[in-house]
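Enquirer: Fold the following.
(chains A and B)
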Number of protein chains: 2
Amino acid sequence: MTVQGPSAVVLRAHRTDLAQPPSSVLEVVTLPPQEPAAGQVRVRNLFQQVIAASGDLMFATSQIPVPVFRVGEPIHGPAIGRVVESRADDLPVGTVVLHTSGWREESILEPGEAFPVPDGVFPGPEYLLNQGVPAYHGIVDIAGVGEGDVVLVSGAAGGVGSMAAQIANARGAASVIGIAGGPEKARYLVDELGLDAAIDHRGDDLDERLTELAPDGITVFFDTIGGAQFEAALRHAAPGARFALCGTLAGQIGGDGGHPRLDLMTAIAREVQIRPFSTRHTPEQIEAWSSHYAQWYADGRIRFARTLLDGTLQRAVTAQDELLAGVHRGNVVVRLAGSAGHTSGHE
Amino acid sequence: MTVQGPSAVVLRAHRTDLAQPPSSVLEVVTLPPQEPAAGQVRVRNLFQQVIAASGDLMFATSQIPVPVFRVGEPIHGPAIGRVVESRADDLPVGTVVLHTSGWREESILEPGEAFPVPDGVFPGPEYLLNQGVPAYHGIVDIAGVGEGDVVLVSGAAGGVGSMAAQIANARGAASVIGIAGGPEKARYLVDELGLDAAIDHRGDDLDERLTELAPDGITVFFDTIGGAQFEAALRHAAPGARFALCGTLAGQIGGDGGHPRLDLMTAIAREVQIRPFSTRHTPEQIEAWSSHYAQWYADGRIRFARTLLDGTLQRAVTAQDELLAGVHRGNVVVRLAGSAGHTSGHE
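Expert: Numbers count the residues shown, from 1 in each chain, chains lettered A, B, ... in the order given. Coordinates of the predicted model:
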């Protein structure tokens, strides 16, 4: 007799080409039911986060410093779930936890892998699924944004960029300019997230707009895109500008956006400090962000920009394609069917 | 009556294209004789230094932070001369001085523009014509080279690179690898300058050699070239490597070497710190280099890599083309005809 267990998203084959949509190599399958061993808990997942890096982990080799996905096995990623069976004293049934073993209906976790979600800090537990750690690290530790800075953020309507831009604002930057795709996202950056200005890279001329918005040049560039946006940022860099390079969505969707041209003479003449960084989510980085996030959120200085989708694991798979296509705004989270009671009224 | 004065090199027209040899826009002309005013000296030049940056200054606009050359006027550059007429008390006739108003047989200088060459420190005064300031600044202040570093220097047989590589050695780097063009220059780097290894970028496969010479990656890259050598350095960068970018000869000779591809994912995954710098020859930078240069030279730890050519100003003009073509080794200096008595027996 076969017992029907919970579903999980399994990697069927490695991606071999960036043009291949992630969904083409993923399959939702039913796994045998699993019981938690001593010290473990069984978690029913409520929210699945969808991030660009997952697309990279589907290749046989990846430069991202986390384990790549393996063919024939479930993939992993950040999720939030509720403990439904516990063999760990400190994680009683009912505890809502953040963890990184998502992409399945149920996850078996060790206590060290499950972080209880604090009550009452945010409107919903999915607020913990955000990309503020690299944003905070990049803006604060790498670029050292402070008063007087003219900050440009690419992918500013994205999960990381929306946080980075708001953190720069909260740190007292003189001006924060966001780049996003499409007039709607551009409007959102200014009207909802409180940025000083926005550039629609699809409709606007990047150079014209930057000349207009930053006549003395940008002093900080926080990049999640690469490609032509990196190249434009360098053309508009002020002497001594700091570039915090966090990601390269333009490279992750194919084409040559992951390999922009580095104009050496300009970089040399202006002594632009180019600092690519790979956040490793150290306990210190997580702690630094968490404390500021809660406070800034309470003060109304940070909004959680996100797209909340309702559905199943299959919906999350589709959302992974959509994320790389730039369809969604902010952090992308799928509220998994059956997670009733975990809604959030506002962003 | 027209009195025949000293010769000078005048810019006839701006360069408009990197493929245009500098000599095509330069002309040696005779200027009216000039008398020093009160406080000035007249200097007969003995040695003319030839540097890559001069080629850039022949364009109507240049990003190098010194005045560009103007059409119809003499060009300028580092030279060494002897005071032949003095109206400045602190610069008596016979004083040998370093200055930046060269490219002419005679220069009229203010005392603040003329730096007396110390006696007996080096075999010849042309040893003061070197590019050690940016080399020292880049290796020490920008890259912070110390023990344990695996240092790669591009253009290592050039005027800046030869100093940078030797300074890295003198600072105790674990290994210093130089890249140069041709087997002769490569041999020179190891046999004469004491580098640990050399790569001939014309004959060797850069990636193969770097894999062999730096199996754990390079921790420092000092770049004077750009182009494919920058790209290869990034492929072989160790985590946290520091890149001190000082120049882009590959860009200065045309082609797209001044705009190498920046592989963002590699740079991010390895957190390579990319620091282009434009040395401004501050008094502090000059002082820092000068004190070390004299000491290291006395200790036999630094050799002055140079090509000494004999001739006239016209020879210097030709040498400017040759420099950009990579013909010469080390710092290129023309010993001007009539400078008898200022020879140097060894390097």
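
Enquirer: ok and the residue in the stretch 51-200 of chain A nearest chain B?
Expert: Distance from chain B to each residue of the stretch 51-200 of chain A (Cβ to the nearest Cβ) is smallest for A:Q63, at 3.6 Å. In this view, the C-beta of every residue, glycine as well, is placed from N, C-alpha and C.

Enquirer: Contacts only, for that residue.
Expert: A:D56, B:M265, B:T266, B:I268, B:A269, B:R270 (Cβ atoms under 8 Å, 6 or more residues apart in numbering or on different chains).

Enquirer: Now tell me what touches the helix or strand harbouring A:V334 from outside.
Expert: A:V334 belongs to strand A:331-336 when assigned by DSSP states H and E. Residues outside strand A:331-336 that contact it (Cβ under 8 Å, 6+ apart): A:45-51, A:105, A:126, A:129-131, A:159, A:162, A:304-313, A:315-316, A:319, A:322-323, A:342-343.

Enquirer: Can I get it in PDB, CA atoms only?
Expert: Only the C-alpha atoms of strand A:331-336 are listed here, as PDB (Å, rounded to 0.1, in the frame of the first residue of the first chain):
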ATOM      1  CA  ASN A 331       9.400  40.400  -2.900                       C
ATOM      2  CA  VAL A 332       7.500  37.500  -4.400                       C
ATOM      3  CA  VAL A 333       5.700  35.200  -2.000                       C
ATOM      4  CA  VAL A 334       3.200  32.500  -2.700                       C
ATOM      5  CA  ARG A 335       0.600  31.900   0.000                       C
ATOM      6  CA  LEU A 336       0.100  28.200  -0.200                       C
END
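
Enquirer: What pairs with it, parallel or antiparallel?
Expert: Its sheet considered, strand A:331-336 pairs with strand A:41-50 (antiparallel), strand A:306-311 (parallel) by DSSP bridges.

Enquirer: Quick one: name the residues of the stretch 51-200 of chain A near chain B.
Expert: Within the stretch 51-200 of chain A, the positions near chain B by Cβ under 8 Å from any Cβ of the partner chain are A:D56, A:Q63, A:I64, A:P65.

Enquirer: Now, of those, which are buried?
Expert: In terms of neighbour count (16 or more other Cβ atoms under 10 Å in any protein chain shown), the buried residues within these are A:D56.

Enquirer: can you put the residues of the stretch 51-200 of chain A next to chain B in JSON lines and add secondary structure and pLDDT?
Expert: As requested, these are arranged in JSON lines below (DSSP: H, G, I helix; E, B strand; the rest coil; pLDDT from 0 to 100):
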{"residue": "A:D56", "secondary structure": "helix", "pLDDT": "91"}
{"residue": "A:Q63", "secondary structure": "coil", "pLDDT": "80"}
{"residue": "A:I64", "secondary structure": "coil", "pLDDT": "79"}
{"residue": "A:P65", "secondary structure": "coil", "pLDDT": "76"}
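
Enquirer: hang on, A:D200 packs against A:A180?
Expert: Yes. With contact defined as Cβ atoms under 8 Å, A:D200 counts as touching A:A180 (6.6 Å).

Enquirer: where does the stretch 1-150 of chain A have low pLDDT?
Expert: Filtered on pLDDT under 70, the stretch 1-150 of chain A yields the residue ranges A:1-3.

Enquirer: now with 80?
Expert: A:1-4, A:64-65 (pLDDT under 80).

Enquirer: Can you give the contact residues for the longest helix seen in chain A?
Expert: As assigned by DSSP state H, the longest helix anywhere in chain A is helix A:283-298. Under the criterion Cβ under 8 Å, 6+ apart, residues A:121-122, A:127, A:130, A:132-133, A:135-137, A:140, A:166-167, A:170, A:279, A:302-304 lie in contact with helix A:283-298.

Enquirer: Can I have the buried ones of these as a PyMOL selection?
Expert: Buried members of those, defined by 16+ other Cβ under 10 Å, are picked up in PyMOL with:
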select buried, chain A and resi 122+127+130+132+133+135+136+137+140+166+167+170+279+302+303+304
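
Enquirer: Could you list the domains of chain A?
Expert: Domain assignment of chain A by automatic domain parsing yields the ranges A:7-129+A:304-336, A:132-276.

Enquirer: which residues of the stretch 1-150 of chain A fall in helices?
Expert: Secondary structure of the stretch 1-150 of chain A (DSSP state H, counting those that start in this stretch): helices located at A:53-56, A:132-136.

Enquirer: what residues are shared contacts of A:D200 and A:A180?
Expert: A:A186.

Enquirer: ok, these two, which is more surrounded?
Expert: A:A180 (29 against 19; other Cβ atoms under 10 Å in any protein chain shown).

Enquirer: which residues touch the more buried one?
Expert: Taking Cβ under 8 Å, 6+ apart as the test, what A:A180 contacts is A:G155, A:A156, A:A157, A:G158, A:G161, A:A186, A:Y188, A:L189, A:A198, A:I199, A:D200, A:H201.

Enquirer: Take the helices of the stretch 1-150 of chain A and write them to TSV, including distance to A:D256.
Expert: Conversion of the helices of the stretch 1-150 of chain A to TSV gives the following (distance: least, Cβ to Cβ, whole Å):
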stretch	distance to A:D256
helix A:53-56	16
helix A:132-136	24
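
Enquirer: quick one: which of those helices is nearest B:P215?
Expert: B:P215 sits nearest to helix A:53-56 of all those, at 25.6 Å, using Cβ to Cβ.

Enquirer: And that closest one, what does it pack against?
Expert: Counting contacts by 3 or more Cβ pairs under 8 Å, 6 or more residues apart in numbering or on different chains; DSSP states H and E, helix A:53-56 packs against helix A:313-324.

Enquirer: circling back to that earlier point, list the buried residues for the strand holding A:V334?
Expert: When burial is assessed from 16+ other Cβ under 10 Å, strand A:331-336 yields the following buried residues: A:N331, A:V332, A:V333, A:V334, A:R335, A:L336.

Enquirer: How about residues contacting stretch A:79-86?
Expert: By Cβ under 8 Å, 6+ apart, stretch A:79-86 touches A:35-36, A:41-49, A:91-103, A:106-107, A:114, A:117, A:125-126, A:128-129.

Enquirer: Buried ones only from those, please, as a ChimeraX command.
Expert: ChimeraX command restricting the contacts of stretch A:79-86 to the buried ones, with burial defined by 16+ other Cβ under 10 Å:
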select /A:36,41,42,43,44,45,46,47,48,49,91,95,96,97,98,99,100,101,102,103,106,107,114,117,125,126,128,129
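
Enquirer: Now A:V66: closest residue in space, sequence neighbours ignored.
Expert: Of all residues not flanking A:V66 in the chain, A:L57 sits nearest, at 7.0 Å (Cβ to Cβ, 6 or more residues apart in numbering or on different chains).
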